[in-house]
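> compute the structure for the input listed below.
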Amino acid sequence: MKNASTVFYVSLAIMAGLVLMGITMPASLEKITSSTQGVITESFGWYYLVIVSLFVFVCFYLLVSPVGRIKLGKQEDKPEFSRPTWLAMLFSAGIGIGLIFYGTYEPISHYMISSPTGQEGTDQGIKDAMRFTFFHYGIHAWAIYGSIAMALAYFTFRKGELSLISRTLRPLIGKHSDGAVGKAIDVIAVIATVLGVSTSLGFGAMQINGGLSYLFDVPSTMTNQTIIILIVTVLFMISALTGLSKGIKVLSNMNMGLAALLFLIVFILGPTLFILNLFTDTVGAYMQNFINMSFRIAPLNEEGRSWINGWTIFYWAWWIAWSPFVGVFIARVSKGRTIREFVVGVLLVPSLIGFIWFTTFGGTAIFTESAGMLSISSLAPEESLFGVLEGFPFSMAISLLAILIIVTFFVTSADSGTFVLGMMTTNGSQNPSTPIKVTWGVLLSIIAIALLYSGGLQALQNTMIIAALPFSVILVLMVVSLLKSLKQEAKELGLGQIRMNRKEKQSKKDVQETG
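Numbering: from 1, shown residues only. Presented below is the predicted three-dimensional model:
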């Protein structure tokens, strides 16, 4: 295929093997991958906690450091997208759909089913449920995405490298970034992206079907889920073919507009005062326990350790596995931003939006449950949002709005995934060709449908989590490479000296004033 790189064909061959195993021996593959995933979370939990905390530290350091003034691009480069559109695009591609599916389920699950502190059904359990939900979807998750995206944007737009993960390691591995080692790194990134997007297509179809079943008694069958995948595929293919500045841009803005409308409806018609009080209380608890949660491993508490492995460690591995896809996309749309603006936009703003969303929807679910109006915790994850909306006036219209939002977020994520895979497999092209994007779009839907019928989706999701371990090493090296290059550039630009000169001038001024 024209413009396709070696990475494209190698990734295709490996994915064919994995999918074939998922189709022909789903039970065996799931057993093997589930066991391996369990060993990894048990043995490397400490490692995930340390490196993710490191990413958070690096992002905050760059936010306040003099190098924060360096542009992710040439000095004359201007941002390609307006700030609201930029935020909408990175949020939609990042965890937008996760907020819709788990905005109600995760807080209510931590409150009633599996408390992080063993306080199910209590007032303390509400506080713990909310602060750990903030923890899993907040600053730490976006620090993972931000670290890889910042490295890619810096080396691509500032240093003129190809937009490939392997090229960000050139300061560390030199010419090997162009050879077999570099290609192996890019193949791992492509496979992680394919696994993430294709399994999400499958699980997303099941969740949309679950919502339709709850509302309209539409049977949850593989046929219906296949139809949903095909419809979504057609929609995201149309969007992908219109290009980044039209399809994804328009969809992202529409996503955020519709999501804002749903948020306002739930906030105004729901328990508004309870939501405001819960948000204030949870932000305080989150800030107060930030470091403790970041390093909580519970070595002597088997029940607590099991919860941490199943939730926190799983989430850190999940975000790392998703980071090649989301990171490449965020980097692509962030050209012309300063590092400081980038950190605020990628780390702080999405986290705050997520906190507000989870408090509104999760808080409403908790209020509904604790008041005895409806047992939200007894519903399936894909039904919990619709269970909450059932208690509102015009519930059917609001629920249809929610389904529309799920579909648009779903389409945007798949569209972004197709675009990113096109970039990764055409030597980092900023605008991959139509045939490449079409090929990936068709392959993603075929993989999702095949695994849906064979029952191999869970096995491939496990494989994705396993792949996060080797990729986490690459991510750490990317951060080291970025810091090394920024240190060198800061020295060349005299950024540190500027700060020293300012301190010296201030010191002399203070002496003169006191004298």
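> and for Gly118, nearest residue in space, chain neighbours not counted?
Glu303 (6.8 Å; C-beta to C-beta, 6 or more residues apart in numbering). Using the backbone N, CA and C atoms, a C-beta is placed for each residue, glycine as well.
> check the secondary structure at that neighbour for me.
Classification of Glu303 by DSSP: H, G, I helix; E, B strand; the rest coil places it in helix.
> what about it, how many residues nearby?
10 (other C-beta atoms under 10 Å).
> what sits against Met112?
Glu120, Gly121, Gly125, Glu369, Ser377 (C-beta atoms under 8 Å, 6 or more residues apart in numbering).
> which of these fall in helices?
Assigned to helices by DSSP state H, the following of these qualify: Gly125, Glu369.
> return the member of the contacts of Met112 nearest to Gly417.
The nearest member of the contacts of Met112 to Gly417, counting by C-beta to C-beta, is Ser377 at 32.1 Å.
> you'd agree that closest one is up against His110?
No. Ser377 is not in contact with His110 according to C-beta atoms under 8 Å; the separation is 10.0 Å.
> ok so, going back, just the buried members of the contacts of Met112?
Taking 16 or more other C-beta atoms under 10 Å as the criterion, what is buried in these is Gly125, Glu369, Ser377.
> nearest to Leu29, of the residues you listed?
Ser377 (31.6 Å).
> from Ala285, how far out is the closest residue to that closest one other than its chain neighbours?
Nearest in space to Ser377, with sequence neighbours left out and distances taken as C-beta to C-beta, 6+ apart, is Met112 at 3.8 Å. Separation of Met112 from Ala285 (C-beta to C-beta, to the nearest Å): 19 Å.
> need the per-residue pLDDT for the closest residue to Ala93 other than its chain neighbours.
Once flanking residues are discounted, Ala93 sits nearest to Ser416: 4.2 Å by C-beta to C-beta, 6+ apart. At Ser416, the model reports a pLDDT of 81.
> check which helix or strand covers Ser416.
Ser416 is part of helix 395-424 when elements are defined by DSSP states H and E.
> and the very next helix or strand once past that helix, which residues are buried?
Going down the chain from helix 395-424, the next helix or strand is helix 434-454, by DSSP H and E. For helix 434-454, the neighbour count (16+ other C-beta under 10 Å) marks 436-437, 439-441, 443-445, 447-454 as buried.
> just the helices in the stretch 201-350 of the chain please.
With DSSP state H, counting those that start in this stretch, the ranges of helices along the stretch 201-350 of the chain come out as 222-242, 249-269, 272-288, 290-294, 302-308, 314-332, 339-343, 349-370.
> closest to Ser65 out of those?
Of all those, helix 339-343 sits nearest to Ser65, with 8.3 Å by C-beta to C-beta.
> other SSEs contacting the closest one?
Under the contact criterion of 3 or more C-beta pairs under 8 Å, 6 or more residues apart in numbering; DSSP states H and E, helix 339-343 touches helix 26-64, helix 139-153.
> so what touches it?
59-60, 62-63, 67-72, 146, 149-150, 153-154, 334.
> for the record, mean pLDDT for it?
96.
> how close does the residue nearest to Ser377 get to Ala467?
Taking C-beta to C-beta, one finds Met112 at 33 Å from Ala467.
> sorry, back to before: is it true that the residue nearest to Gly118 touches Thr117?
No. The pair Glu303 / Thr117 is not scored as a contact, 10.1 Å apart, by C-beta under 8 Å.
> which of the helices of the stretch 201-350 of the chain is buried the deepest?
helix 314-332 (a mean of 26; mean count of other C-beta atoms under 10 Å).
> for that helix, packing partners?
helix 26-64, helix 83-94, helix 139-153, helix 180-216, helix 395-424, helix 457-493.
> change it to 6 Å
Helix 314-332 sits against helix 83-94, helix 139-153, helix 180-216, helix 395-424, helix 457-493, with contacts defined as 3 or more C-beta pairs under 6 Å, 6 or more residues apart in numbering; DSSP states H and E.
> so the fourth one versus helix 222-242, what angle?
For the pair helix 395-424 and helix 222-242, the angle between their directions (axes from the mean of the first three to the mean of the last three C-alpha atoms, to 10 degrees) equals 60 degrees.
> helices or strands up against helix 395-424?
Against helix 395-424 (3+ C-beta pairs under 6 Å, 6+ apart) you get helix 96-102, helix 180-216, helix 222-242, helix 249-269, helix 314-332, helix 384-389, helix 434-454.
> pretty sure Pro324 contacts Ala192?
Yes. Taking contacts as C-beta atoms under 6 Å, Pro324 lies within contact range of Ala192: 5.1 Å.
> how many residues are close by Lys246?
Considering only other C-beta under 10 Å, Lys246 is surrounded by 11 other residues.
> residues contacting it?
By C-beta atoms under 6 Å, 6 or more residues apart in numbering, the contact set of Lys246 is empty.
> so how far is Leu457 from Leu278?
35 Å.
> before we move on, back to that, so which of the helices and strands packed on helix 314-332 comes closest to Ala16?
Of all the helices and strands packed on helix 314-332, helix 180-216 comes closest under C-beta to C-beta, at 10.8 Å.
> in the closest one, what counts as buried?
182-183, 185-215.
> before we move on, the earlier item: distance from the helix holding Ser416 to the middle of the chain?
The chain centre lies 14 Å from the centre of helix 395-424; the measure is C-alpha atoms, centre = their mean, to the nearest Å.
> just give me the neighbour total for Phe295.
Other residues close to Phe295 by other C-beta under 10 Å number 10.
> can you tell me, leaving aside adjacent residues, what's nearest to it?
Residue nearest to Phe295 in three dimensions, not counting chain neighbours: Leu49, with 5.6 Å by C-beta to C-beta, 6+ apart.
> okay, now that neighbour: neighbour count?
20.
> returning to what we had before: weakest of the helices and strands packed on helix 395-424 by average pLDDT?
Out of these, helix 96-102 stands lowest, with a mean of 77 (criterion: mean pLDDT).
> quick check: closest non-adjacent residue to Leu404.
Leu404 sits nearest to Leu258 (C-beta to C-beta, 6+ apart), 6.4 Å away.
> below-threshold pLDDT in the chain: ranges please.
1-2, 94, 96, 243-245, 247, 496-515 (pLDDT under 70).
> picking up where we left off before, now the residue nearest to Ala93: how far from Met254?
14 Å.
> what's the answer for Pro219, then?
Distance from Pro219 to Met254, by C-beta to C-beta: 30 Å.
> and Thr426, by the same measure?
28 Å.
> what's the answer for Phe101, then?
In terms of C-beta to C-beta, Phe101 sits 19 Å off from Met254.
> one more: Met21?
38 Å.
> no further queries at this time; thank you.
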